[in-house]
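**Q** need a structure here:
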Amino acid sequence: MPVLPSCLLEPLWDQFAALLPEHVDTHPLGCRNPRTPDRTVFEHVIAALVHGSCYERIAAPVCSDRTIRHCVRHWAQLGIAEQVHALALEAYDRVIGLELAELSVDGCITKAPGGGEAAGRSPVDRGKQGLKRSVATEARGVPLGIVSAGANRHDSPLLVPTLEAVKEQVGELPDQVNVNLDRGYDSDKTRCALAEPSFTGETARKGVPAPIQAGKRWVVERSHAWMNGFGKLRRCTEKRSRVVDFYLYLAAAIVTLRMLIRRATQRYRWNDRPTTKRLK
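**A** Predicted coordinates:
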């Protein structure tokens, strides 16, 4: 059984393959063994993302774990996952429309047992190594920008890099943007970051017992739950921050593509559209 349905895997691979550089064999004597096709490696990478298995567990005679690891590092260095996510956002904006006037930002702490460049002591897991991802979403929960950091990092200093990541992925933001935040962002750093004329902040206050504060930010919590459905993000064993970002943006591209198909089926009709509402 494939780890992703074909309606998600095929368009994702089409855009991914278009961004891959043409392979040039630089070995003076050539290569004895035939080169593993990029499609085969891509399917193993998707399996590692979905299941969270190590490369040795998902390796096969046609694709070794060293090949998967080498390709992931190479693709991460090229920034292909970020480009695929940007293309998914562009397609979503063209078909459905991104609602960028309302942004929601929040962080999520996951496990990182192997440590690494983007890991830190987790304050909620007895000081074990953990990873924090700061995600910004639009009004309906489409992930726009992602920043990875150690689990011991506070949310407030990550707000500005997250908003910068949004601008890199979608381009210019509207003239007026409202940012919805939880009480973890109630600090002077956040207020200074939102002091620009184009930004307004709706931040929950510390010590105020109100059940509904910054009530529009629940969409980012849902997006975190969707991203935690990928095993590689729940328990990240990658040590290089570039590879961590590769998997984060690849998962965000899948989430964006899934939301695009779900909402497009309610507006448009095409021959091979999925007949089920559940796109795992």
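**Q** mind listing the strands the worst-scoring helix or strand of the chain on mean pLDDT pairs with, and their directions?
**A** Lowest by mean pLDDT, DSSP states H and E among the helices and strands of the chain is strand 199-203, with a mean of 81. Strand 199-203 has the following strand partners under DSSP bridges: strand 177-181 (parallel).
**Q** now the partner strand: mean pLDDT?
**A** For strand 177-181, mean pLDDT is 90.
**Q** quick one: contacts of it?
**A** 100-106, 159, 163, 190, 194, 198-204, 214-217, 220 (Cβ atoms under 8 Å, 6 or more residues apart in numbering). (Each C-beta comes from the backbone N, C-alpha and C, glycine too.)
**Q** just the buried residues of those residues.
**A** 100, 102-106, 159, 163, 190, 194, 201-204, 214, 217, 220 (16 or more other Cβ atoms under 10 Å).
**Q** restricted to helices, list those residues.
**A** Judged by DSSP state H, helices contain the following of the buried ones among the contacts of strand 177-181: 159, 163, 190, 220.
**Q** farthest-separated two in those residues?
**A** T190 and V220 (15.2 Å; Cβ to Cβ).
**Q** about what we covered before: would CSV of the ones in helices among the buried ones among the contacts of strand 177-181 with pLDDT and distance to R66 be doable?
**A** What follows is those, written out as CSV (pLDDT from 0 to 100; distance: Cβ to Cβ, whole Å):
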residue, pLDDT, distance to R66
L159, 91, 39
L163, 93, 38
T190, 85, 44
V220, 93, 37
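**Q** how about the strands in this protein?
**A** Taking DSSP state E as the criterion, the chain carries its strands at 102-111, 120-121, 129-137, 143-150, 177-181, 199-203.
**Q** got the phi and psi for the nearest residue to R263 once chain neighbours are set aside?
**A** Counting by Cβ to Cβ, 6 or more residues apart in numbering, R263 lies nearest to I96, which is 5.2 Å off, once chain neighbours are set aside. The phi/psi pair for I96 (degrees, to the nearest 10) reads phi -110, psi -50.
**Q** quick check: which ranges of this structure have low pLDDT?
**A** Low-confidence segments of the chain (pLDDT under 70): 1, 25-32, 208-215, 275-278, 280.
**Q** how about 50 then?
**A** Across the chain, nothing is flagged by pLDDT under 50.
**Q** sorry, back to before: count of residues packed around the residue nearest to R263?
**A** By other Cβ atoms under 10 Å, the residues close to I96 number 18.
**Q** I'd say Q169 and L89 touch.
**A** Yes: if you go by Cβ atoms under 8 Å, Q169 and L89 touch, sitting 6.0 Å apart.
**Q** between the two ends of stretch 174-191, how far is it?
**A** 20 Å (Cα to Cα, to the nearest Å).
**Q** so which bits of it are buried?
**A** Those would be 177-183, 185-187, 190, for stretch 174-191 by 16+ other Cβ under 10 Å.
**Q** tell me who's in contact with the residue nearest to R263.
**A** 260, 263-264, 267.
**Q** cool, and V24?
**A** Per Cβ under 8 Å, 6+ apart, neighbours of V24: none.
**Q** so how far is I80 from it?
**A** For V24, the distance to I80 equals 17 Å [Cβ to Cβ, to the nearest Å].
**Q** one more: E172?
**A** Relative to I80, and taking Cβ to Cβ, E172 is found at 24 Å.
**Q** name the residue in these two with the higher neighbour count.
**A** Neighbour count, other Cβ under 10 Å: between E172 and I80, I80 has more, with 21 against 8.
**Q** once you drop chain neighbours, what's closest to that one?
**A** L19 (5.0 Å).
**Q** surely the one you found and E82 touch.
**A** No: at 10.0 Å, L19 does not count as touching E82 under the criterion of Cβ under 8 Å.
**Q** more neighbours, the two?
**A** E82 (22 against 14).
**Q** for that one, give me its contacts.
**A** Per Cβ under 8 Å, 6+ apart, neighbours of E82: 168-169, 245, 249.
**Q** neighbour-wise, which of these leads?
**A** Y249 (26 neighbours).
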